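[1] Sequence below, structure please.
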Amino acid sequence: MITAPFLGLGQEILQEKDRARVIDEILDDRFNNLLPQLMDKNEIDMWIIISREYNEDPVLKTMLPATWLNARRRTILVFYRDLSKNTIEKLAIARYNVGKNILSAWDKEKEPNQWKRLVEIINKRNPKKIGLNFSEHFNIADGLVKTDYEEFVKNLPKKYINKIVSAEKLAIGWIETRTEREMIIYNQLVAITHDIIAEAFSEKVITPGITTTTDIEWWMRQKVTDLGLETWFHPSVDIQRSNEGLGNHLYSFSNRPEQMVVLPGDLLHCDFGITYLRLNTDCQELAYVLRPEEKEAPQFLKDALRDGNKVQDYLTDNFKTGKTGNEILLKSLNDAKENGLKPAIYTHPLGSYGHSSGPTIGMWDAQGGVPHTGDYPLYPNTVYAIELNTTVTLPEWKRDIRIMLEEAGFYGENGFKYVNGRQTELLIIPRTSSHLKK
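    Prediction:
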C-alpha cells in the first residue's frame, strides 16, 4: 500500500493488484445481488449489451473485470433473469469468459457465426422483453451503436422484434446505484480529495506573490499522478479579490485568466476530482490568503461561506424519493430566495462517471429546469455532486462575489448525508487548523 502523506488523516492507496481484487469483489456483489433487483424493478428479463473493442458501451465499461481494460473483438453480454426460479444467468457470446462472473457461451468451432449463437441463446430462453441500450436523452444509457443494432435486428427472428425495449432505466439504475461496500470506499475517496485540496491550498504549495493559479492546477494534477491515481478532468483554480468585478458563470470553467499570481487578501476557489476504484469525486472549496496583519479571514468572507452552506441545506433538505430533479431544483431555489439568498444550483449525479446518470438538478444556464434528464426521479442509494453557488454583495470590497461549493453527497433510505463532510470554514494560507466539519 501507498500511504498518502497529506495534512489530514492520510488514506492508504492500494497497489494495482489489491485494487483489482477489490474491484472484482464489488462486481461480484453487484452482479449477483443488485442486478437481479434492477431487472425485476424494470420488468426486463433479458438485457443484451453489445460492444466492440475500443468503442465500448459506457455501461459495459463498468462491468468488465479489473484485468480487462477494454472489450475484446465484439463482446456481447446477455443477462437473463428467471424470476420464477430466482436465478440470473450471466453469459458472454464471446471467445472468453468475461472475468469470473460472465461465462463464455460461444464455441466458435461449433458455431462460427456469433450472431447465430446469440439467437440460439435467445430462442432457448424465450424472453418476454429484450432490453437494449438506446436512449434519446441519457447519453450513458445510449451505448448501442448503429452498426451493432442493425446486425442484431437483421439476425433476430421476427417474433422477437416487438419484444425489443429500451433498457434506459435499467442502465441508469445500474450506473447510479451504489452498494454498501462502495459507500464505505467512497468515504475514503472523498477524504483523499479533501486532503489533496488542503495541501494544494496551503503554504506547502503557495507562496504569495510568486505562485500562480496555473502552478496550483498543475501541482494538483501531478500529485494525483504521483499517488498512482487519475483525474477525470483537469483541475481549475481561480481568484476573486477586492479590486475586480464579478465574472459570469463561465469564468471559473473556461474564461478565467491563466497564470494569475496569488496575492495576500485573495479568495481562492478550486474545482477538483479524482478517479479511484472505478468511482469518481468532484469537489470545489475555497481558501483565503492572509494579509500580513491578519490572523484569520475577514468576518464578511466567513459570513459569505455560511450563505453558501445555507443554499446547500435548502437543496439537500428537498431530497425526497420520487421527486424529480426539476422539482427539487425549483423548490430549493425558491426556498433560498425567500430567505434572502441569490442561489444558482447545478447538481449532478456522481459515481461510475463524474457526470453520471440519474436526475439532473439544474444546470448553470438552465435554472428554470432541465428537460428530460431533470424529469428523472430521485432514488435511494445514489450519490450526487452537490454543486451550487450563491452571489453575495460585499460592501467591504465594493463588489459581488460568488461562493462556489461542491461536495459529494449520498442519498439513502435514511435521507441525505455528505460522504465525507463539507467545507464550513475557509482554508487559510498559512494555517494550522482543520476546515472540515463532519
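[2] only C-alpha atoms for contact and neighbour calcs from this point on.
    Fine.
[3] now residue 148: how far from residue 123?
    To residue 123, residue 148 is 19 Å away according to CA to CA, to the nearest Å.
[4] Quick one: low-confidence residue ranges for the stretch 151-300 of the chain.
    245-257 (pLDDT under 70).
[5] Which parts of the stretch 301-438 of the chain are strands?
    Applying DSSP state E, counting those that start in this stretch to the stretch 301-438 of the chain gives strands spanning 343-345, 348-349, 382-394, 399-412, 415-418, 422-423, 427-429, 436-437.
[6] Compare the ones you listed and say which comes out lowest on pLDDT.
    Lowest mean pLDDT within the strands of the stretch 301-438 of the chain: strand 436-437, a mean of 62.
[7] any idea which helix or strand carries the nearest residue to residue 157 once chain neighbours are set aside?
    Of all residues not flanking residue 157 in the chain, residue 119 sits nearest, at 7.8 Å (CA to CA, 6 or more residues apart in numbering). Taking DSSP states H and E as the definition, residue 119 sits inside helix 114-125.
[8] what's the average pLDDT for the helix or strand following that helix?
    Once the chain leaves helix 114-125, the next helix or strand it forms, by DSSP H and E, is strand 130-132. Averaging pLDDT along strand 130-132 gives 98.
[9] partners of strand 130-132 in the sheet?
    Its sheet considered, strand 130-132 pairs with strand 46-52 (parallel), strand 164-166 (parallel) by DSSP bridges.
[10] just these: most buried one?
    Mean neighbour count (mean count of other CA atoms under 10 Å) peaks for strand 46-52 among the strands paired with strand 130-132, with a mean of 22.
[11] Helix 114-125 and that one, what's the angle between them?
    Calculated by axes from the mean of the first three to the mean of the last three CA atoms, to 10 degrees, strand 46-52 forms an angle of 170 degrees with helix 114-125.
[12] what element comes up after strand 46-52 heading to the C-terminus?
    helix 58-61.
[13] Name the residues that touch that next one?
    Identification of contacts with helix 58-61 by CA atoms under 8 Å, 6 or more residues apart in numbering yields 49, 51, 70, 71, 140, 141, 143, 171, 174, 175.
[14] I'd guessed the second one sits against residue 78; true?
    No: counting by CA atoms under 8 Å, no contact exists between residue 51 and residue 78, whose distance comes to 11.9 Å.
[15] quick one on the thing from earlier: and residue 262, which of the strands paired with strand 130-132 is closest to it?
    strand 46-52 (47.7 Å; CA to CA).
[16] Could you point out which residue ranges in the stretch 1-150 of the chain have low pLDDT?
    1-11.
[17] Please enumerate the strands of it.
    For the stretch 1-150 of the chain, applying DSSP E, counting those that start in this stretch gives strands covering 2-3, 12-13, 46-52, 74-82, 87-92, 103-104, 130-132.
[18] can you pull the contacts of residue 369?
    326, 329, 330, 361, 362, 363.
[19] Of all residues in the chain, which one is nearest the centre?
    Per CA atoms, centre = their mean, the C-alpha nearest to the average position across the chain is that of residue 350, at 2.3 Å.
[20] looking at it, that residue is touching residue 386, isn't it?
    No: counting by CA under 8 Å, residue 350 stays clear of residue 386, with 9.4 Å between them.
[21] tell me, what's touching those two both at once?
    residue 408.
[22] before we move on, back to that, can you list the strands paired with strand 130-132 in TSV and add distance to residue 187?
    Converted to TSV, those look like this (distance: least, CA to CA, whole Å):
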stretch	distance to residue 187
strand 46-52	31
strand 164-166	34
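[23] Ok, which of those strands comes nearest residue 313?
    Closest among the strands paired with strand 130-132, using CA to CA: strand 164-166, at 36.1 Å.
[24] Need the contact partners of that closest one.
    Outside strand 164-166, the residues touching it (CA under 8 Å, 6+ apart) are 129, 130, 131, 132, 133, 134, 135.
[25] what about the fourth one, how many neighbours?
    This means residue 132. 24 (other CA atoms under 10 Å).
[26] can you check the second one too?
    Burial of residue 130, expressed as a neighbour count using other CA under 10 Å, amounts to 23.
[27] likewise the one 5 residues further on?
    Other residues near residue 135 come to 17 when the count uses other CA under 10 Å.
[28] List the residues that contact it.
    Counting by CA under 8 Å, 6+ apart, residue 135 touches 141, 142, 166, 167, 168.
[29] What's the local residue count around the second one?
    Summarising burial for residue 142: neighbours were counted as other CA under 10 Å, giving 20.
[30] How about residue 102?
    Residue 102: 21 neighbours (other CA under 10 Å).
[31] With residue 18 instead?
    Residues near residue 18, counting by other CA under 10 Å: 11.
[32] So it versus residue 351, what's the distance?
    For residue 18, the distance to residue 351 (CA to CA) stands at 20 Å.
[33] Out of the contacts of helix 58-61, which comes closest to residue 400?
    residue 140 (37.7 Å).
[34] got a list of what that closest one touches?
    Counted by CA under 8 Å, 6+ apart, residue 140 has contacts 57, 58, 59, 171, 172, 356, 357.
[35] List just the nearest of those to residue 214.
    Nearest to residue 214 among the contacts of residue 140, with distances taken as CA to CA, is residue 356, at 27.5 Å.
[36] Roughly how far does that closest one sit from residue 413?
    Where residue 413 is concerned, residue 356 sits at a distance of 21 Å (CA to CA).
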